[in-house]
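Novice: Below: sequence and its predicted model.
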Amino acid sequence: MLSILDRYFLRELAQTVAATVVVLLVIVAGSAFAKVLQQVANGSFPPSVMFQVLGLRTLDGLTNMMPLASFIGVLMGLGRMYRESEMHVLASSGMGPRGLLRPVLILGVTLVAITALVSLWLGPWAVRTSDAMVAAANRSVIAAGLDAGRFTNLPGKGGIIFVDSLSRDGSKLGRTFVATESTGKDGPTHLKVVSAASGELYQESDGDGRFIAFKDGWQYDIPLGTDNWRQMQYQRNDTSLSSVQADDDDDPAHSKGSWTLAQSNDPSDRAEFAWRANAPPLTLVLLLLALPLSRQSPREPKYGRLLLAVVSFYLYYLLLALGRAQIGKGHWQNEAPLWVLHAVVLALAGWMLWKQYSPRKAARPHKPQAGAPA
């Protein structure tokens, strides 16, 4: 049964953490949106799936965001109570560290469970779903911008295309007309006109190049300003669309399931699994570290402790990232050093909390010197 004080702490801290999550989520979404726009401009995937990919990328970003949001939320919530002297009044009423630890641990269990769910399942699922959506869109002429019954700019080419019908998935074309222009270095501009009874969109085996295969039609090559036209009948004629540019930051291990990574012996897979598995304990340790770092006097600057806490977080995060790199390079065979780091930071947080709440020694009374008047 929770006491009134426990419920008050839980409500205040949960509200602050939720507000911090929203703010950081907007920042993460903005960063992901800029990257998605760049990939659309590079031709990695069509604009039609941009917002779906953005939402899934934002879900994946929660893995790294949840520990920081929990840390800053608890830090700011308790810091406000210290500045408004609520904590000092409660301490003078007999509340010790146990009364503060209980609601924070209850909140921490919830946040650790959410972080574990996101890092071990929801984040990888979002990455796999995003990759599958992009792959399906790149195989569809509908997603590439084509539509039946109207003239459309040819994706990645200087020309237009017209199709009278499309299959439901956008991979099969009916009667098709294409017109493109090309200019040589020294020669005249050529107008290329292609008509076909049907067509089909496909990708190369590596998935980078997209092509339309026209079947049973005619092709005309018309040099503008001259009369030496060329006419050719064909059974199949392929033309390229915009190529799919590979993402330089793409990591194959990032989209794998956590159970698959746990059974793998590949160093990059072990590093990815170690990073996911360490997100929940990172959240819990940061919550406990926020307890001593949030203590401040009413006259202290509002964001002084927050700056110190953010620097501490990034130092902690950097050490974990270095450990992940060592695992990925094969220098470390397991993630035991990362757990040692968690234990060291947890011990440091416990020592700081004990120093703050430990009873202070009474000052010794001043003894007058011999011969001095009493």
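Specialist: Now that the structure is in, tell me what you want to look at. Residues are numbered from 1 along each chain as shown.
Novice: what's near enough to touch residue 282?
Specialist: Residue 282 sits next to 67, 115, 316, 320, 342 when contact means CB atoms under 8 Å, 6 or more residues apart in numbering. For the C-beta atoms, the positions are set from N, CA and C on the backbone; glycine is no exception.
Novice: Residue 288 versus that one, what's the distance?
Specialist: 11 Å (CB to CB, to the nearest Å).
Novice: just for the stretch 101-250 of the chain, where's the confidence low?
Specialist: Scanning the stretch 101-250 of the chain for pLDDT under 70 picks out the ranges 138-146, 154-158, 169-170, 184-187, 204-210, 241-250.
Novice: Can you identify each of the strands in the stretch 201-350 of the chain by residue range?
Specialist: For the stretch 201-350 of the chain, the strands defined by DSSP state E, counting those that start in this stretch occupy 210-223, 230-240.
Novice: What is the burial count for residue 24?
Specialist: Applying other CB atoms under 10 Å, we find 19 residues neighbouring residue 24.
Novice: now stretch 339-358: mean pLDDT?
Specialist: What stretch 339-358 shows for mean pLDDT is 86.
Novice: what comes up buried for that stretch?
Specialist: Neighbour-count burial for stretch 339-358 flags 341-342, 345-346, 349, 352-353, 357 (criterion: 16 or more other CB atoms under 10 Å).
Novice: cool, stretch 320-331 as well?
Specialist: Result for stretch 320-331 [16+ other CB under 10 Å]: buried residues 320, 323-324, 326-328.
Novice: Which members of the contacts of residue 282 are positioned in helices?
Specialist: Of these, the ones assigned to helices by DSSP state H are 67, 115, 316, 320, 342.
Novice: can you tell me which two in the residues you listed are farthest apart?
Specialist: 115 and 316 (15.3 Å; CB to CB).
Novice: out of these two, which sits in the busier spot?
Specialist: For residue 115 and residue 316, the more surrounded residue by other CB under 10 Å is residue 115, and the numbers stand at 24 against 20.
Novice: so how far is residue 91 from residue 85?
Specialist: For residue 85, the distance to residue 91 - CB to CB - is 10 Å.
Novice: what stretches of the stretch 251-374 of the chain score poorly on pLDDT?
Specialist: Residues of the stretch 251-374 of the chain that meet the cut-off, pLDDT under 70, sit at 357-374.
Novice: show me what contacts residue 123?
Specialist: When the contact criterion is CB under 8 Å, 6+ apart, the partners of residue 123 are 59-60, 62-63, 276.
Novice: Please pull up the helix or strand immediately following the helix or strand harbouring it.
Specialist: Per DSSP states H and E: residue 123 is located in helix 123-138. Counting by DSSP H and E, the element after helix 123-138 in chain order, helix or strand, is strand 152-153.
Novice: Sheet-wise, list the partners of the very next helix or strand once past that next one with their directions.
Specialist: Moving toward the C-terminus from strand 152-153, the first helix or strand encountered (DSSP H and E) is strand 159-163. Take DSSP bridges as the rule and strand 159-163 pairs in its sheet with strand 152-153 (antiparallel), strand 176-183 (antiparallel).
Novice: Just after the host helix or strand of residue 56, pick out the following helix or strand.
Specialist: Per DSSP H and E: residue 56 is located in helix 50-83. Next in sequence after helix 50-83, counting helices and strands by DSSP H and E, comes helix 86-92.
Novice: Now do that next one: which elements does it pack against?
Specialist: Applying 3 or more CB pairs under 8 Å, 6 or more residues apart in numbering; DSSP states H and E, we find helix 86-92 packed against helix 50-83.
Novice: Show me which helix runs longest in the protein.
Specialist: Max-length helix for the chain by DSSP H is helix 4-42.
Novice: which residues touch the residue nearest to the spatial centre of the chain?
Specialist: In the chain, the residue lying closest to the centroid (CA atoms, centre = their mean) is residue 61, at 2.3 Å. Neighbouring residues of residue 61 by CB under 8 Å, 6+ apart: 28-29, 31-32.
Novice: try 7 Å this time
Specialist: 28, 32 (CB atoms under 7 Å, 6 or more residues apart in numbering).
Novice: Residue 237 too?
Specialist: Contacts of residue 237 were listed using CB under 7 Å, 6+ apart, and they are 194, 214, 217, 219.
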